[in-house]
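1. let's see this in three dimensions:
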Amino acid sequence: MIPVRNKSEIEKMRRAGKALVEVFKVVEPLIRPGISTLEINAEIEKKILSLGATAPCKGYHGYPAAACISIDDVVVHGIPSLRTLVEGEIVSVDIVLKLDGYHADATRTYPVGKISPAKQRLIDVTRRCFYNGVEKIRAGARLGDLQHAIQMTAELAGYGVVRAMTGHGIGREMHEEPTIENYGRPGTGPILREGMCLAVEPMIAMGGWEVSIDKRDGWTCRTLDGLPAAHYENTVLVTAKGAEILTE
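-> Numbering: from 1, shown residues only. Here you go, the predicted structure:
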């Protein structure tokens, strides 16, 4: 069953979302050649804690860090390390925080210095996938409407839609119902209701949609063809008139 939040819970979700916006204000200036992903993670965790929140990714099924930081062909769940960013790469930073019992989740993909036009287009289209999908959200719509809009935006641009990883409901738990795939048919799936909270997160690949999971760490998800991927995510509230984005 997909949880429907009451007014008090929605206000807590809004506060968590606003706190996460503050965390991302710290992230963007850090993205530069020569900084390690471990350093970026440390600053993220420091900011989360300074806001009176916690970083629920840390320790989640053994995940060792406060954020997922994924470079180029890593789609998601990149583990922070001493690996430094290099000019021309793109890096996705996925952060969840918990404040007063409620979660907020968002991801941004950043250029590292000057990047190629092809990589910039991938970032731009992935962001457009999110907004085109969210335009379909309103009470009474079907989840498949959102999913289809994301898929069509990506595939018409010539990109692959990663299928192995999905968005999700969010609230008291980091991952709740429903599972939100980035592909689907309009008019299908659960009916969206006012008060539902969703983490909508297109993960779009420059090439094919197939991915592999690193057997050594059990987390790092890479494109099978080695081409870059981008990721854009926000926590969204379903309203009678449309969607309220809580993490912008």
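2. so what's N132 up against?
-> By Cβ atoms under 8 Å, 6 or more residues apart in numbering, the contact list for N132 reads A149, I150, M152, T153. From N, CA and C alone the C-beta is placed, and that goes for glycine too.
3. mind redoing it with 10 Å?
-> V125, L146, H148, A149, I150, Q151, M152, T153, A154, P202 (Cβ atoms under 10 Å, 6 or more residues apart in numbering).
4. now the helices for this protein?
-> Listed in chain order, the helices of the chain (DSSP state H) span 7-27, 37-50, 117-134, 143-156.
5. most tightly packed of these?
-> helix 143-156 (a mean of 22; mean count of other Cβ atoms under 10 Å).
6. I48 touches V27, doesn't it?
-> No: using Cβ atoms under 10 Å, I48 makes no contact with V27, being 11.1 Å away.
7. who touches both of these two?
-> A67, I95.
8. Q151 touches I180, doesn't it?
-> No: if you go by Cβ under 10 Å, Q151 and I180 don't touch, sitting 12.0 Å apart.
9. contacts only, for the closest residue to A19 other than its chain neighbours.
-> Nearest non-adjacent residue to A19, counting by Cβ to Cβ, 6 or more residues apart in numbering: L51, 4.7 Å away. Taking Cβ under 10 Å, 6+ apart as the contact definition, L51 lies against R15, A16, K18, A19, L20, E22, V23, L97, L99.
10. these into CSV, with extra columns for pLDDT and distance to I69?
-> Output for these, formatted as CSV (pLDDT from 0 to 100; distance: Cβ to Cβ, whole Å):
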residue, pLDDT, distance to I69
R15, 98, 25
A16, 98, 21
K18, 98, 23
A19, 98, 19
L20, 98, 16
E22, 98, 18
V23, 98, 13
L97, 98, 15
L99, 98, 21
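11. let me know the closest of the residues you listed to E176.
-> Using Cβ to Cβ, A16 comes nearest to E176 of the contacts of L51, at 13.9 Å.
12. surely the closest one meets D105?
-> Yes: counting by Cβ under 10 Å, A16 touches D105, with 9.2 Å between them.
13. quick check: neighbours shared by these two?
-> Contacts common to A16 and D105, judged by Cβ under 10 Å, 6+ apart, are V96, L97, K98, I170, C197, T235, L246, T247.
14. from memory A229 sits against T107, does it?
-> No: using Cβ under 10 Å, A229 is not in contact with T107, being 11.5 Å away.
15. and S70, how far from E177?
-> Using Cβ to Cβ, to the nearest Å, one gets 25 Å for the distance from S70 to E177.
16. cool, and P29?
-> To E177, P29 is 36 Å away according to Cβ to Cβ.
17. who's more crowded, those two?
-> E177 (13 against 8; other Cβ atoms under 10 Å).
18. ok, that one - contacts?
-> M1, I2, P3, H168, G169, P190, M196.
19. ok so, going back, wait, which of the contacts of L51 is closest to N41?
-> Nearest member of the contacts of L51 to N41, counting by Cβ to Cβ, is V23, at 11.7 Å.
20. for that closest one, what are its contacts?
-> Taking Cβ under 10 Å, 6+ apart as the test, what V23 contacts is 43-48, 50-51, 53, 55, 66-67, 93, 95, 97, 104, 106, 247.
21. now do the residue lying closest to it once chain neighbours are set aside against C197, distance only.
-> Of all residues not flanking V23 in the chain, K47 sits nearest, at 4.9 Å (Cβ to Cβ, 6+ apart). In this structure, K47 and C197 are 23 Å apart, going by Cβ to Cβ.
22. repeat that for T126.
-> With Cβ to Cβ as the criterion, T126 and C197 are 22 Å apart.
23. now do R5
-> R5 is 6 Å from C197, by Cβ to Cβ.
24. the two: who's more crowded?
-> The residue with more neighbours, out of R5 and C197, is C197; 28 against 19, by other Cβ under 10 Å.
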